[in-house]
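1. this one's structure only:
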């Protein structure tokens, strides 16, 4: 494997100036929920997988008993505007690796013709709102102008962490224009409502239709899953701690 | 040395489609106890050693006063099915290095003809049971089907950390099929009973005999060693802390 | 990108034996305030930018809604003595990366003809003084002699952390002579007064004029900004924490 | 610079099968005090310096106001047996880097003809003794036999951390034989008495004379320095903390 990541290309679809949408997990999982819903709702087709030693060193067991190595996935949709979506369960496990993975993502994106990127995320406000706003930031003033009227509130100041920020920052220097859409969110809850607000803006901007019925349903399901998750996290944390414990005991034990 | 590890090949045994068993330390030391016992009981022959800057920067002093650098070891057994066993005292010290070492292990394994892998580990339950179950996960549904009737409870959901998971996850993408066997265990004790349960399933699957008498004995010995170990760990922790302390004092002291 | 950093050269000014001034952030932000003021006051011209995966993986949103990737910037001023100034918002995020970035800086500096360097920083005293002293350290006794009469108190003992120290230490071995100027400062406040003291010494040494009126003004503004900053930091810390939280929840949630 | 370290060779002395003594800082600073004293007492000649991005990113200011980059130094002494001594203020800052630096040290040592190594360190006991024992560990039983009668108590079990252990562990695989000498020490004090015990054994083994008068004196001086050091450490810790504090504030402050 390459130093940073290996990209397994399953199919090379013919895409015309595809627009890349990034939806890796972040604050409130807003970006991830939006991206996963979009992929399912629009029946987007996975055409490439990215594996990296900078994703967590583990596998997840799926409901059928088979395992899955953490990865990022590229899916596409052909339409009025061709779209490529980047989804995944994790970002890089170190600051440097987040940088390297964003460079790698852009390298691949440019290779398939991407010149424009939208990154999806959340903006923490600490309060709950019934009508979450969608904030934005962009790589140029021209781009901000172009998005006037799309319902995006362009933000003054602050910072964007991880891939949602880096794809803009690194892209700028490589002639890739990009906009980050951030749904207003509490910060301590998984926020499907904020994801919906982001998707509505994105749908308008891309001039596509994305059904939201399933997302509302997912919002309720998410609520239920949360209780299960909390239980499993507690279990896994104990798991990892005891592993560390034994690791440190091992050198003495096994001579 | 290579960036990741150096493998010192002592002997190149002629093996026919050998099956790799991984038994590096993890939860409850279940995998490690099982592997070490299997190696001793079956008088398996060490034929290669792996050294790496990603194993702890130390040596252990052996009973005769000579030292040993942390390593992973490959042993083999020729039989109805040829077997290669990976044992060791440590896993990689960083998340990335666990990934790199699993890649290296697979590279070497494939080089000696391995196409199938079993990884051994523990599954924490937080409770003590007299008849520990053996849970499983695999790289394909076909493989799960093949193991029906072997007493493995294929699990739904959860995660497998370290080499026991990564050899499956990385192997899948390289045409290597693999099954992880996890013995039910409390999580906070070194569990020879769980190791025995895992070994019994493994013996059945591999169609070999593994005497368990010594393992039961080892279980008692482990109990006794634990008290010594706790004392030594406390000592070593003080050792390391004082080293760190002096490290940080040094720049001022030595001008 | 290079393993360590990419330097984007905007312009290749013709400079005669330029002197490099380093003013990256450190104790009391003394060096950074001094450097940023000098750049603005002398209308120095940016001619190169350094980007690196060892700077934080984020972008900052500017007042106009566009983003900026963390970078270090090289600016120049032609005069009796040609000057090159290194400014930036961050130092490397790991100890090793601070070393690598200082090596990279020196490589570029020598490439544009730099043979002499001044690094600017603060020296923590824990107390507030109305007339902060300027302490110094240098790469040779000859250099210390040459600076007698400039008001620098050459220090005995202690250590200089980060780029302000490394440019001296690494430079020495490469034939680059360097002096570190450290303004006496409390340590827990952003200290424009100490920055002024450092700049006055630097101006004398370089035989240039640097107006200080705006700096005094900046000192007051800094006071006001501090309250806003504290609020924003608290917000961002929550932001990052919740991101970490969701990251660790994700593997279980998304199977 | 090389990925790991740069070695600046000042002189290439003609040495006949030189024996390498390692005395980098560790527990009780026993090894470092012993090595530094030996170098001074025997007027050993520095002939090479090792610099590395894995040593702390800082410089220390010397009494004359000039700075020094952290390094390791190789000195030699020609005699009945030629000796090369490795001294330094630090070990590598990460576990991996300790491994890499030990590999680098051995590479250089072998290049100048070294086939035998003694590493010096402390063994923590938690109690104070008037006649500290000298414990040992070696790369072979033959070597242990050869050192019978030299007053070394060869140890059973335990671990040796850092360069003092790694030079044995890595050396073994490269045909370099090595012995580690560990002076019994409390662990929480800088122990010149233990260093003396180690040096006496080393002098006997190497068949050289090392005057100890200055070392006893140094022991008292060390006592006095300790009070100063504690004060300076406290100061530096505040220094670093405030630096970190400002680092994290910076992204918000400088937009």
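-> Right, received. Where do you want to start? Nothing here was measured: the structure is a model prediction, and the numbers come from that model.

2. low-confidence ranges in the stretch 101-250 of chain A?
-> Along the stretch 101-250 of chain A, the model assigns pLDDT under 70 to residues A:218-250.

3. Might you enumerate the residues of it proximal to chain C?
-> A:102-103, A:124, A:126, A:136-141, A:144, A:154-162, A:165-166, A:168-170, A:172-173, A:180, A:187-188, A:190, A:225, A:229, A:232-233, A:236 (C-beta under 8 Å from any C-beta of the partner chain). Backbone N, C-alpha and C define where each C-beta goes, glycine included.

4. Narrow the residues you listed to those that are buried.
-> Taking 16 or more other C-beta atoms under 10 Å in any protein chain shown as the criterion, what is buried in these is A:102-103, A:124, A:136-140, A:144, A:154-155, A:158-162, A:165-166, A:168-170, A:172-173, A:180, A:187-188, A:190, A:229, A:232-233, A:236.

5. The residues of the stretch 101-250 of chain A next to chain C in strands, which ones?
-> Judged by DSSP state E, those include A:124, A:136, A:137, A:138, A:154, A:159, A:160, A:161, A:180 as members of strands.

6. Out of these, which comes closest to chain B?
-> The shortest gap between chain B and any of these belongs to residue A:161, at 19.5 Å (C-beta to the nearest C-beta).

7. hang on, the closest one packs against residue C:57?
-> Yes - when contacts are counted by C-beta atoms under 8 Å, residue A:161 is listed as touching residue C:57 (7.0 Å).

8. okay, among the ones in strands among the residues of the stretch 101-250 of chain A next to chain C, which ones form the most distant pair?
-> Greatest spatial distance in these: A:124 and A:138, 20.1 Å, computed using C-beta to C-beta.

9. Indicate the residue of the stretch 151-255 of chain A located nearest to chain C.
-> residue A:169 (3.2 Å).

10. Would you mind measuring from that residue to residue B:172?
-> Separation of residue A:169 from residue B:172 (C-beta to C-beta, to the nearest Å): 34 Å.

11. quick one: the helix or strand hosting residue A:97 near chain D?
-> Using DSSP states H and E, residue A:97 sits within helix A:95-111. No - judged by C-beta under 8 Å from any C-beta, helix A:95-111 and chain D are separated, with a smallest distance of 12.7 Å.

12. what does that helix contact?
-> The contact list for helix A:95-111 (C-beta atoms under 8 Å, 6 or more residues apart in numbering or on different chains) reads A:3-5, A:7, A:20, A:22, A:48, A:50, A:52, A:54, A:72, A:74, A:84, A:86, A:91-92, A:117, A:162-163, A:166-167, A:170-171, A:174, A:176, B:96, C:1, C:53-54, C:56-57, C:93-94, C:97.

13. Chain A: helices as residue ranges?
-> With helices called from DSSP state H, chain A shows them at A:30-41, A:95-111, A:141-146, A:163-172, A:192-206, A:213-253.

14. and the closest residue to residue A:70 other than its chain neighbours, what does it touch?
-> Ranked by C-beta to C-beta, 6 or more residues apart in numbering or on different chains and with sequence neighbours excluded, the top spatial neighbour of residue A:70 is residue A:55, at 4.0 Å. For residue A:55, the contact set (C-beta under 8 Å, 6+ apart) comprises A:69, A:70, A:71, A:72, A:90, A:92, A:93.

15. picking up where we left off before, what about the residue of the stretch 151-255 of chain A closest to chain C, distance to chain D?
-> According to C-beta to the nearest C-beta, to the nearest Å, residue A:169 and chain D sit 13 Å apart.

16. And residue A:13, by the same measure?
-> Counting by C-beta to the nearest C-beta, the gap from residue A:13 to chain D is 39 Å.

17. what's near enough to touch the nearest residue in space to residue A:94 that is not next to it in sequence?
-> Nearest non-adjacent residue to residue A:94, counting by C-beta to C-beta, 6+ apart: residue A:54, 6.7 Å away. By C-beta under 8 Å, 6+ apart, the residues touching residue A:54 are A:4, A:5, A:92, A:93, A:94, A:97, A:100, A:101, B:96.

18. ok, which pair from the residues you listed is furthest apart?
-> Greatest spatial distance among the contacts of residue A:54 (C-beta to C-beta): A:5 and A:94, at 13.6 Å.

19. who's in contact with the nearest residue to residue A:26 once chain neighbours are set aside?
-> Leaving aside its chain neighbours, residue A:26 sits nearest to residue A:121 (4.7 Å; criterion: C-beta to C-beta, 6+ apart). Counting by C-beta under 8 Å, 6+ apart, residue A:121 touches A:26, A:27, A:30, A:31, A:160, A:164, A:180, A:181, A:182, A:183.
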